[in-house]
Structure formats: structure tokens, C-alpha cells
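Undergrad: Starting from these lines, generate the structure:
(one chain, ligands or ions: 1)
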Amino acid sequence: MITGFALSKKAYAPGTSRVSLNFAPTDAGILPDQMIHALAEARAIKAAPFAADQVQPASLDLRLGDVAYRMRASFLPQRATVAERIHALKLHEISLEGGAVLETGCVYLVPLQESLALPKDIAASTNPKSSTGRIDVFTRVIADNARAFDQIEAGYHGPLYAEISPRTFPVLLRKGSRLSQIRFRRGSAALDAVALKELHARERLVNTADADLTNGVAVSVDLSGFTSGNSKIVGYRAKRHTSVIDVDLRDGQSVADFWEPLEAHKSRALILDPNEFYILASKEAVQVPPGYAAEMVPFDPLVGEFRVHYAGFFDPGFGHAGAGGGGARAVLEVRSHEVPFILEHGQIVGRLVYESMLAAPSRLYGQGIGSNYQAQSLKLSKHFR
Ligand SMILES: O=c1ccn([C@H]2C[C@H](O)[C@@H](COP(=O)(O)OP(=O)(O)OP(=O)(O)O)O2)c(=O)[nH]1
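TA: Got it, this is the predicted structure:
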């Protein structure tokens, strides 16, 4: 297990130093920013030069290409290429050059600008960016012959596509918009029970005295109320039939036009309406130490009553006091399925699974890379002012 790193003083500047991608057989972990740049220099990631801040501490933001296909339905390509399935299933094509609105309830497929020619020992996984999950845009990435969403096999050579289905708000996006992110991984890097216990003892991953560390660090919901002006609220419920959100515009919309604040109740419970979308926050302050990355997963795959976590990647340095993040809560994107469901204060809703980095990133989340959510409390996406 990799335990600690000295952080380099300077951020990695692409092309200025050689970062080796030759690993010892037992090396396992998530590739940090400097290795993502090295993958691009080695043409294992093929793309136009990266945009500023596109490479994050443990992931790369993926950019939409210039066309969206409105599809009859979602699919997994399995034995086909995605291009073959698009040919068979597309309803029509929309240019993204000048921007286009994607409607709620429809399924779109967009070729991404980045394609891959991965070495045999590097696999990848994808997830929506937190900003995408917080506005309820359901997004997954598929590759040719994929049998699962958001999983890219080691050694994959080929294009990537984003499946996009806005659930609550129509969204305006364009060529270059970044809805998804990709993490590159060598081997199996998840911490086992012993390593997680040791890391928590050393770094205090959550600020609870009796942290539940079964299969990851348990994260529960806070329904006691956060101060908002003169009131106490537990979160927000999305409004229906709103206007459009421009995914690239920060602070562009007023909260009141899109969200209904949910006042705290003395019962410290919240009844989730089926098919409504909620933003809530964790009771625990969480943190990801510099040598690690985390992912929020369902607390129990057998409990399908409600879904938390659209966007599960937590960056190295998120909530870390050394990166200005002390006390950060996890923001939770929550939806109930078939029946109304009562959530109670302190109920476990997800687990943070920690993985080792192959090396410390040259910059942490919150350190001069335009991070939007460091030290966050209950926080809507960056689109709202
Ligand atoms: O469900 C989630 C997922 C992530 N996060 C936190 C941890 C993560 O490190 C941070 C930023 O996530 P991400 O990089 O996916 O967001 P972004 O939309 O790219 O924002 P930024 O520009 O700040 O990176 O938000 C949450 O609170 N809840």
C-alpha cells in the first residue's frame, strides 16, 4: 500500500518533464494529473490540447464533440461499435457547434473529443462531474463493445461517447462542454478493511467518533437544518417546468427559479416524493487525504428505494484541511423511486470507497485549480447564485 507522499511545490506543466508510465508489476493506484498529461503525451489519450483546468488531481474532464444524436433508447453496444448502434437507433442529429438545448426525458448520445489507446495495464472508469449530477443530468459514458456503462477495459483502443438524459431541467450545452470525467487506474487500488482502518486512525476521514468503516466509510444524511438567511433548511427540491440551464455558465441562474428550499422539521425526517429530485448534504464532514481518491457508492445495492450519488468521484484534497477544505460535507443528489420514502436524520445513504493514488497529484482539489466545492456545506451547483 502507498501511504504518504511529499507534494511537489509546483503544478505539473505539460511537456516540461518526463513522467514515467513504466510501473513495477505490483504498482496499483489511480493515475494523478501529471500521469494523465503523460498519457496524452504518449498518445494513449488522443485529444486536441487540453483546456485550462481540464486535468483535475485524479481525473480528466471529457469534452463534448460537435454533434448530438437523439436516440430512440439507451443501449449497451456489447458486440457492436457505438457508431453501428447510433446508425440503427438515431432519430435525428443536432449540431452542437453553436449550442443546443437538450430536452428532459430524451436520450442523447454525443461523441466525445477524447479517444483512447490505453496501455494493457491501464483501465478507466467514468462518472458525471459533480456539477452535472447536481442539476440532475443523467450522464454515462460508453465505449465500443462495452458491456457496462462507465467502465473502460484495460488496453481499450477506440472512441468514447456520452449518453445524456436531462431528468429535471432542460440544458443548454455546446461543443467543448464538460459533463463527465474519467479516472485512469492501474490494478486494483481500493483499500481493504485493515488499510482503511489504519488510514482513518491516522487521517480521520470523517469527523464522527464511531465511524462505520464496513465496505467503505459510511456517509449519512443531515436533516437537522443548515442556516440559510433567517431560516434553517435541510436541502432543496427541484422545481418542474423551469427555464433552461446553461451548463457552462457559473452563477447564471437564481436559486428561487429552480429550487424550493426544504425547511427543517422537528421530526428531523424528510418524505421523498417518488421521481422528485433533491439536493441534501451529509451529516459527516468528509476528507480525502492527498495520496488517495474516493468514490461514493450506494450504501447497499439491495436497497433500491432511493438513489444517492449520480456523481461519485471525490478528489484528492477534497475536504482536506491542508488544501483549505476542512469541514467539507458531501453533497447528495437524491431521488426516491417507486414509493414515497422517509429519510431520517443520520440514516446511512452512501459509502465512500477509498483508493490509493499511484503518486501524489501535483495539485490538490482546492489548490488554485478553480475548484467550486472545497469546504462546501449544503451547496447547489455552480450554476446558481
Ligand atoms: O456526489 C458528490 C460528488 C462530489 N462531491 C464533491 C467531492 C468532489 O471532490 C467535488 C468536486 O467534484 P467534481 O470534480 O466532480 O465537480 P466539478 O463539477 O468538476 O467541480 P470542480 O470544478 O470544483 O472540480 O465535489 C460531492 O460533494 N458530492
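
Undergrad: Okay, the residue of the chain positioned farthest from its centre and L343: tell me how far apart.
TA: In the chain, K266 marks the outermost C-alpha relative to the chain mean, sitting 32.5 Å out by Cα atoms, centre = their mean. K266 sits 15 Å away from L343, taking Cβ to Cβ, to the nearest Å as the criterion. Where you see a C-beta, it was placed from the backbone N, CA and C, and this is true even at glycine.

Undergrad: now do A154
TA: Here A154 is placed at a distance of 38 Å from L343 (Cβ to Cβ).

Undergrad: swap in A124?
TA: In this view, A124 and L343 are 33 Å apart by Cβ to Cβ.

Undergrad: repeat for D192
TA: For D192, the distance to L343 equals 30 Å [Cβ to Cβ].

Undergrad: wait, isn't P111 in contact with G65?
TA: Yes. Contact criterion Cβ atoms under 8 Å: P111 and G65 qualify, at 4.3 Å.

Undergrad: Over to stretch 94-112 now: how far is its first residue from its last?
TA: One end of stretch 94-112 sits 14 Å from the other (Cα to Cα, to the nearest Å).

Undergrad: got it, and stretch 80-95?
TA: Stretch 80-95 has an end-to-end distance of 25 Å (Cα to Cα).

Undergrad: what is the mean pLDDT for that stretch?
TA: For stretch 80-95, the mean pLDDT works out to 97.

Undergrad: try stretch 340-355
TA: For stretch 340-355, mean pLDDT is 94.

Undergrad: try stretch 49-59
TA: Stretch 49-59 shows a mean pLDDT of 95.

Undergrad: Endpoint to endpoint, it covers what distance?
TA: End to end - Cα to Cα - stretch 49-59 spans 16 Å.

Undergrad: got the CA coordinates for the helix ranked longest in the chain in PDB?
TA: Assignment by DSSP state H gives helix 193-203 as the longest helix of the chain. Presented in PDB, the C-alpha positions along helix 193-203 are these (Å, rounded to 0.1, in the frame of the first residue of the first chain):
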ATOM      1  CA  ALA A 193     -10.700  -3.100   5.600                       C
ATOM      2  CA  VAL A 194      -7.300  -3.100   7.500                       C
ATOM      3  CA  ALA A 195      -5.800  -0.300   5.300                       C
ATOM      4  CA  LEU A 196      -9.000   1.800   5.600                       C
ATOM      5  CA  LYS A 197      -9.000   1.400   9.400                       C
ATOM      6  CA  GLU A 198      -5.400   2.500   9.600                       C
ATOM      7  CA  LEU A 199      -5.900   5.500   7.200                       C
ATOM      8  CA  HIS A 200      -8.900   6.600   9.300                       C
ATOM      9  CA  ALA A 201      -6.900   6.300  12.500                       C
ATOM     10  CA  ARG A 202      -4.200   8.400  11.000                       C
ATOM     11  CA  GLU A 203      -6.200  11.000   9.000                       C
END
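
Undergrad: does any bit of the helix or strand that that helix is followed by sit next to the ligand?
TA: On the C-terminal side of helix 193-203, the closest following helix or strand by DSSP states H and E is strand 217-220. No. Strand 217-220 stays clear of the ligand (Cβ under 6 Å from any ligand atom), getting no nearer than 9.4 Å.

Undergrad: For the protein, what lies in contact range of the ligand?
TA: Within the chain, the positions lying close to the ligand (Cβ under 6 Å from any ligand atom) are 56, 129-131, 133, 181, 296, 309, 311-315, 318, 330-331, 333, 365, 370-373.

Undergrad: So which of these are in helices?
TA: In helices, judged by DSSP H, the following of the residues of the chain next to the ligand are found: S130, S131, G133.

Undergrad: Around the closest residue to D315 other than its chain neighbours, how many other residues sit close by?
TA: Distances taken as Cβ to Cβ, 6 or more residues apart in numbering put Y365 closest to D315, at 3.7 Å, once the chain neighbours are dropped. Y365 has 27 neighbours, counted by other Cβ atoms under 10 Å.

Undergrad: Quick check: Y365 vs A83, distance?
TA: Distance of Y365 to A83, given as Cβ to Cβ: 35 Å.

Undergrad: Number of residues surrounding A209?
TA: Residues near A209, counting by other Cβ under 10 Å, number 5.

Undergrad: Could you check the pLDDT of it?
TA: Predicted confidence (pLDDT) for A209: 88.

Undergrad: Would you map the strands across the stretch 101-250 of the chain?
TA: Along the stretch 101-250 of the chain, counting by DSSP state E, counting those that start in this stretch, strands occupy 107-117, 123-128, 137-143, 151-152, 157-166, 171-173, 178-186, 217-220, 226-228, 231-238, 245-246.

Undergrad: of those strands, which approaches G98 most closely?
TA: Closest to G98 of the strands of the stretch 101-250 of the chain is strand 171-173 (Cβ to Cβ; 10.7 Å).

Undergrad: packing partners for the closest one?
TA: Packing contacts for strand 171-173, counted by 3 or more Cβ pairs under 8 Å, 6 or more residues apart in numbering; DSSP states H and E, involve strand 100-102, strand 245-246.

Undergrad: Which one of those lies nearest to Q347?
TA: Closest approach to Q347 among these (Cβ to Cβ): strand 245-246, 29.4 Å.

Undergrad: So what touches the closest one?
TA: Residues from elsewhere that reach strand 245-246, judged by Cβ atoms under 8 Å, 6 or more residues apart in numbering: I135, F169, P170, V171, L172, L173, G252, Q253, F258, H383.

Undergrad: And that strand, how far out from the chain middle?
TA: Relative to its chain's centre, strand 245-246 lies at 19 Å (Cα atoms, centre = their mean, to the nearest Å).

Undergrad: same check, this time on stretch 68-87
TA: 23 Å.
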